[in-house]
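# Next come a sequence and a model predicted from it.
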Number of protein chains: 2
Amino acid sequence: MIKFTPAEESYLKAIYHISDEGKRTVSTNDISFQMKTKPASVSDMLRRLGEKEVIEYRKYYGVNITEEGKKLALQTIRKHRLWEVFLVEKLRFSWDEVHEVADELEHVKSKLLIQRLDEYLGFPKFDPHGDPIPDEYGDVRARPRLPLTDLELHATGQIVAVKDSSAAFLKYLDKVGAYIGARIRVMEKVEFDGSVEISVDNKKNIFMSKDVAANVLVML
Amino acid sequence: MIKFTPAEESYLKAIYHISDEGKRTVSTNDISFQMKTKPASVSDMLRRLGEKEVIEYRKYYGVNITEEGKKLALQTIRKHRLWEVFLVEKLRFSWDEVHEVADELEHVKSKLLIQRLDEYLGFPKFDPHGDPIPDEYGDVRARPRLPLTDLELHATGQIVAVKDSSAAFLKYLDKVGAYIGARIRVMEKVEFDGSVEISVDNKKNIFMSKDVAANVLVML
DNA sequence: TTTATAATTTAGATATATCTAAATTTAAAT
DNA sequence: ATTTAAATTTAGATATATCTAAATTATAAA
Ligand SMILES: [Mn+2]
Ligand SMILES: [Mn+2]
Ligand SMILES: [Mn+2]
Ligand SMILES: [Mn+2]
């Protein structure tokens, strides 16, 4: 069994996430941006991850994650999301406080720990941001979801996830009263700036700029 | 605020534990043994910890932990023991499975996490091995405890902790039916080899070699 | 097709954390 | 008071993970 350092796991996770956003090949700069490290540091890491065969690395042409790499990344993502559920469900963290802590907890090495945590949490399928939790084999069943901006006028749906998980964005959603699970209806669409007005749980109405709405993911 | 790496925290914890066993001054070799690293590595770390003023380091003469260092060590010990309680109480780990995992979890940096964990666990005062959990200011109220070997014939008491926390020893105690909280009475003391026979909860009798009994700590 | 720009890699530096082997110091024995 | 042995430190090496500055490569523009 090859061993991976926390840094290697984090880079691999980043590469997986970027791949998952549609890009087949991931560039050094993409990773550099995501990881907040310099491109030079990324190049060095890519060489090492390539040697460990979790990515295919062609100098100057970017990387593709291998099947082996995907599995590993999904294990780390699984741990990250389970810990996020734990922090919110058991330790009363708010959804904007969990990410940094989960980024540390995800590297703790113990298979038993994660099995038991999963069981203790009741085998949750989604994390506090609505993202699916891979099973122990790395299988993820993503539910179909689309940005709120794609909904037609008068369409109804349910908020199921957020695209941006930054504390700032999440706190803003809290403030206006948007949350995962909320039943919504598009009350108005402003052509001019793409902003929308939605009703939440048939109770209150919320105005959202296009930027905000684009980061709110819904299910019909 | 000076920052400390996981390795620095671990060394400091080791130095604290060795100091706590009576030694005022801790030697390089003592630390090397405890940390399972070479004396050369220890010397290097001591230089760094000395610069950060958590220990007083006089070359060739060993180290003394400072007040600042003691505080820091106790914070790490607090985290370690709270996580051990979590693993046993919530995740059904056995007491011989928790130490290595807690050794990783103790380095996760989040004040809120530990506050909430403490609260979630109901502010436990002792870990699964009977060791006291320092409060958030580093105060420990150690209960008086003595090795089972010190008990007189026919004396009664209660098992409150173990001195050796190795998996092998803990599993052995499980096997013979000794546990923290057990009410015991010394039924026989063998002069020849120092072994003892004790009754547990007035139900069953256990034979213990001197070596085992010396690592079982009791309260009268 | 040449040239310029942007992306990327390499080289060399710093910091942490470990090791082995050699040098040094302290403490014990003669 | 020497000598020796044990403990400790230093020197030099390796591995990880980062950086800045310089060199290289690929791609877009002219
Ligand atoms: Mn997250
Ligand atoms: Mn999440
Ligand atoms: Mn422990
Ligand atoms: Mn313990």
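Perfect, I can see it now. Ligands and ions are numbered 1, 2, ... in the order given.
# use CA for all of it now, contacts and neighbours both
Noted.
# Mind pulling the model confidence for residue A:22?
What the model reports for residue A:22 is a pLDDT of 80.
# Show the contacting residues for it.
Contacts of residue A:22 were listed using CA atoms under 8 Å, 6 or more residues apart in numbering or on different chains, and none were found.
# same thing with the one 3 residues further on?
With contacts defined as CA under 8 Å, 6+ apart, the neighbours of residue A:25 are A:19, A:62, A:63, A:64.
# can you tell me which two in those residues are farthest apart?
A:19 and A:62 (11.3 Å; CA to CA).
# Make sure residue A:77 is actually in contact with residue A:14.
No. With contacts counted by CA atoms under 8 Å, residue A:77 stays clear of residue A:14, the gap being 10.0 Å.
# Give me the more crowded residue out of the two.
Each of residue A:77 and residue A:14 has its neighbours counted (other CA atoms under 10 Å in any protein chain shown); residue A:77 has more, 26 against 21.
# and the gap between the more buried one and residue B:139?
37 Å (CA to CA, to the nearest Å).
# if we can go back for a sec, quick check: neighbours shared by residue A:19 and residue A:62?
A:25, A:26.
# Excluding residues flanking it in the chain, which one is nearest the residue nearest the centre of chain A?
Taking CA atoms, centre = their mean, the centroid of chain A lies closest to residue A:131, which sits 5.7 Å from it. Leaving out its chain neighbours, the residue that sits closest to residue A:131 by CA to CA, 6 or more residues apart in numbering or on different chains is residue A:161, at 6.4 Å.
# and the one you found, that one's in a strand?
Yes. Membership of residue A:161 in a strand is supported by DSSP: H, G, I helix; E, B strand; the rest coil.
# does it have beta-bridge partners, and which?
Beta bridges link residue A:161 to residue A:217, judged by DSSP bridges.
# residues of stretch A:96-108 that come out buried?
Neighbour-count burial for stretch A:96-108, with 16 or more other CA atoms under 10 Å in any protein chain shown as criterion, is recorded at A:96, A:97, A:98, A:99, A:101, A:102, A:103, A:104, A:105, A:106, A:107, A:108.
# Redo those residues as CSV? Include distance to DNA strand C.
Shown next, in CSV, are the buried residues of stretch A:96-108 (distance: CA to the nearest atom of the strand, whole Å):
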residue, distance to DNA strand C
A:96, 29
A:97, 26
A:98, 25
A:99, 23
A:101, 19
A:102, 21
A:103, 18
A:104, 15
A:105, 18
A:106, 19
A:107, 16
A:108, 16
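# Okay, the residue with the largest distance to the centre of chain A and chain B: tell me how far apart.
In chain A, the residue that sits farthest from the middle, by CA atoms, centre = their mean, is residue A:192; the gap is 30.4 Å. To chain B, residue A:192 is 44 Å away according to CA to the nearest CA, to the nearest Å.
# ditto for residue A:112
Residue A:112 is 9 Å from chain B, by CA to the nearest CA.
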